[in-house]
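# Sequence first, then the predicted structure, then my questions.
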Amino acid sequence: MNERDTREVDGAWEAFQTHAYAAPAADLARYVARYWIVHWDLRGQPPYRQLVVPYPNVHLSFVGGDPPLVHGVLRGHAYRTLAGAGRVFGVAFRPGCFRPVLGRSVATITGRSVPARDVFGPPTPDRAAAGDEAMVRLVEDFLRATLPAPDPTAEAVAVMVDRIAADPDLTRVESLAAAVDTRVRTLQRLFSGYVGVGPKWVIRRYRLHEVSERLAQGRDVAWARLAADLGYADQAHLSRDFTAIFGEPPSRYARRYPPG
């Protein structure tokens, strides 16, 4: 394994980057989960390899003067290189609710990034506004002018994803199917078309997010018991899935955060 950048551990990355979030206006909340903003200042320092972990959201991102991009759901982790000083402003769409915007199966952009103009058409903003609040206004005006009519199926799928996120005891697709009174095959088809990934992936992603939250809080984890609680055959399978999502085993990932 390559030697680790010391700025990855014990929260040292907080010295040169900040993360902020904002809620959408009420009339856009049907489609948008949140706005996210990352600032960094690495002037006088080497570039930093930023770990990006996936969520079941499609994102619209604005970076500096570059044309905006739409990012489909990532199945696993990725890395982005940060250099100099900059900002990225992102729109995280509610899982399931980008299908009416895209006009086709969201699985067609899973793991891909495409120009926003190819999805929204003109007049897509060509560059980010100067300040964060101005950027929110710019993006919300743009979304109000371009978002399609509500899709009841998209809303139903979004509610299913919300249910997965809220219920830590929900660890199997069969349990979700029973809870919403439908068939497993129907769920698989809906999630592929509207979220871009299957319901099993979404369930595992949220349960593993809960693991990462425990690690971020410096809490002790009983791994064997946790693996069983999450529906894994054993601890090794849990560690394998965690590594695929977060880029490294749980014990190594935990070092990213300051001691509790």
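Thanks, I have the structure now. Since the model is a prediction, treat every value here as computed from it, not as a measurement. Numbering: from 1, shown residues only.

# Quick one: neighbours of the nearest residue to residue 59 once chain neighbours are set aside, just the number.
Distances taken as Cβ to Cβ, 6 or more residues apart in numbering place residue 71 nearest to residue 59, at 4.4 Å, with adjacent residues excluded. No exception for glycine: its C-beta is placed from N, CA and C like everyone else's. Look at residue 71: counted by other Cβ atoms under 10 Å, it has 21 neighbours.

# how much space is there between residue 71 and residue 92?
According to Cβ to Cβ, to the nearest Å, residue 71 stands 10 Å off from residue 92.

# Mind listing the shared neighbours of these two?
Common neighbours of residue 71 and residue 92, counting by Cβ atoms under 8 Å, 6 or more residues apart in numbering, are 58, 59.

# Could you pull out the strands in the stretch 51-200 of the chain for me?
Using DSSP state E, counting those that start in this stretch, the strands of the stretch 51-200 of the chain run over 59-63, 69-71, 78-82, 85-93, 113-115.

# Which among those strands is found nearest to residue 141?
Nearest to residue 141 among the strands of the stretch 51-200 of the chain is strand 85-93 (12.8 Å), distances taken as Cβ to Cβ.

# partner strands of the closest one, parallel or antiparallel?
Sheet partners assigned to strand 85-93 using DSSP bridges are listed as strand 32-41 (antiparallel), strand 59-63 (antiparallel).

# Not counting it itself, show me its contacts.
Here strand 85-93 makes contact (Cβ under 8 Å, 6+ apart) with 31-43, 55, 57-64, 101, 128, 132, 135, 139, 143.

# Would you list the buried entries among those?
Of the members of these, the ones counted as buried by neighbours, 16 or more other Cβ atoms under 10 Å, are 31-33, 35-38, 40, 42, 55, 57-63, 101, 128, 135, 139, 143.

# could you give the mean pLDDT of stretch 33-48?
What stretch 33-48 shows for mean pLDDT is 97.

# okay, how far is it across that stretch, tip to tip?
With Cα to Cα, to the nearest Å as the measure, the ends of stretch 33-48 fall 28 Å from one another.

# Pull up the gap between the closest residue to residue 207 other than its chain neighbours and residue 189, please.
Sequence neighbours aside, residue 230 is the residue nearest to residue 207 in space, at 4.8 Å (criterion: Cβ to Cβ, 6+ apart). Distance, residue 230 to residue 189, by Cβ to Cβ: 25 Å.

# likewise residue 146?
In this view, residue 146 and residue 189 are 27 Å apart by Cβ to Cβ.

# what's the answer for residue 88, then?
33 Å.

# which one of these two has more residues nearby?
Using other Cβ under 10 Å as the criterion, residue 88 and residue 189 rank with residue 88 on top: 19 against 13.

# Tell me what the more buried one is bridged to.
Note on residue 88: beta-bridge partners residue 38, residue 63, judged by DSSP bridges.

# Also residue 71?
Per DSSP bridges, the residues bridged to residue 71 are residue 59, residue 113.

# So residue 17 sits against residue 11, correct?
No. Contact criterion Cβ atoms under 8 Å: residue 17 and residue 11 do not qualify, at 11.0 Å.
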